Each structure stands twice: as structure tokens, then as C-alpha cells.
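**Q** Model the following, please.
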Amino acid sequence: MSSVLNNDDLIAKDINNEKLDNNLQRSNLYKLLKSWWQARQQLIERQEKKMFWYGENSLIMWLLWQLVGYVVVAMALMLLNNIFGISLPLWQYVSLFVIQTIFFVSALAAKGQLANKLQRKIDNDELMREEALNEMIILAEDSLYPDVHAKSPISLEALDDYLDGQFHLASLQCLLQKEVDAGRLIMEQQPHEVGVLPPELADDELNEHASEITYRSTL
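**A** Sure, this is the predicted structure:
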């Protein structure tokens, strides 16, 4: 009799330990997802910055912002003169605009180096994002994916509710896409270019279709 109770106690203990392990893995998965989301957001922002400042038509933007800089400085000098009665000699006005021009020419000359520096940051963001995604997949294999297969078929909306909204829909969809690519899940509606959208727009796009995007297990 006591041996039966001991066996029952051991089984209950194993179940509790398994639940604790799953909760810990899921908690770690949540943390990684937040890191991955932030890295993805930073990556997109830097890619947009590179396109704006160092893209094919960036020279026009540089010249435009330099012109805006001249206008801002001129307006500031006019306000100082009108409000505080501060008036500079002509040579100081000229010197100020010459210094501004020299600074602009120097920045323009260093444009290639600045672009390369930004590209290195983008490459580093890509690496961090990929590493976080790989770690997430390892954790998801023991925590998230079994739940999805057990509850299959399940919509992205229902899965998000089950996970208490801890995941961004875009990051959750990206994680599940790995199971789809491996052939273990079938996605019955393809999201519209979610992977190339900025994080906030990707979430908005998925919110509209989350109830229609269904995952079906092939296991």
C-alpha cells in the first residue's frame, strides 16, 4: 500500500516538475521574444535611416537639409536681432555660414564612412535577431509547439488568447512559420507580407486576420 502511495507521489512530483519546467521555458521564451521584437524594430529603423540618408537619392536630401539649416540659422539671427537687439557685424554673419558650409562639406565627404558604420550596426542587429530567433525556436520546441499541435487546428487569435497576449502577433507568427517551413504545421491563410512590414504595422495587419489564420498539425 505504501509503495503504491510512493509511486503516486513520485508521479505527482514528476508532473509538477514538468509543469514548472514548462512554465520556466515559457517565461524564458517570453523574454527572448521581447528581445527579438526590440532587435527587429531597431533593425528596421536603421534600415530606413540608411535608405533615407545614404540611399540612391540621398544627395538630394542632404542638400535639402543643408538649405533648411541655412534658413533656420538665418531665422534665429533675425529673432535675436528683433527681440534682443543683438546685431552682428557682416563678417561674423558670413563666417557663421562659411563654418556651416565647411561642416556640411566635411559630413558629405565622410558620407561613405558613415554609411559603412551604419551598415555594421545593421549587420550586428541582424546577427542578434537571428541568434534570438534560434534560441526561441529551441525553447518553443519544448513549450509552445507541443501546445499548438495538441490544440490543432487553432487560429492565431485563439492561440494569442491562450498565451494571455504575452506575444506580439508578428513575433508569434514568425515563430510558428518555422514549424510551417518544417512541414509540421499547415497555415491555412497566408498573411500579407507581414515579414517585411515594420513591427507595429505587421501587428495591425495580423490583428485584422488573426481569427482567419489557422494552424493545423500534420503530426
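**Q** for the nearest residue to residue 155 once chain neighbours are set aside, what are its contacts?
**A** The shortest distance from residue 155 to any non-neighbouring residue, by C-beta to C-beta, 6 or more residues apart in numbering, is to residue 214 (4.9 Å). Where you see a C-beta, it was placed from the backbone N, CA and C, and this is true even at glycine. Taking C-beta atoms under 8 Å, 6 or more residues apart in numbering, we find residue 214 in contact with 153, 154, 155, 156, 187, 188, 189.
**Q** of those residues, buried ones?
**A** 154, 155, 156, 187 (16 or more other C-beta atoms under 10 Å).
**Q** Hmm, residue 213 and the last one touching each other?
**A** Yes - under the criterion of C-beta atoms under 8 Å, residue 187 makes contact with residue 213 at 6.5 Å.
**Q** can you pull out the strands in this structure?
**A** For the chain, strands defined by DSSP state E occupy the ranges 154-155, 185-187, 214-217.
**Q** Residue 53: which of these is closest?
**A** Taking C-beta to C-beta, strand 185-187 is the member of these nearest to residue 53, at 37.2 Å.
**Q** and that closest one, what other elements does it pack with?
**A** Using 3 or more C-beta pairs under 8 Å, 6 or more residues apart in numbering; DSSP states H and E, the elements in contact with strand 185-187 are helix 169-181, strand 214-217.
**Q** Confidence-wise, which of these is weakest overall?
**A** In terms of average pLDDT, helix 169-181 trails the rest of these, at a mean of 83.
**Q** buried sites along that helix?
**A** Of all the residues in helix 169-181, those buried under the rule 16+ other C-beta under 10 Å are 169, 170, 171, 172, 173, 174, 175, 176, 178, 179.
**Q** Could you dump the residues you listed into TSV with distance to residue 95 added?
**A** Listed next are the buried residues of helix 169-181 as TSV, based on distance: C-beta to C-beta, whole Å:
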residue	distance to residue 95
169	56
170	52
171	53
172	58
173	57
174	54
175	58
176	62
178	60
179	65
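**Q** Just the closest of the residues you listed to residue 107, please.
**A** Of all the buried residues of helix 169-181, residue 170 has the smallest distance to residue 107: 35.5 Å, by C-beta to C-beta.
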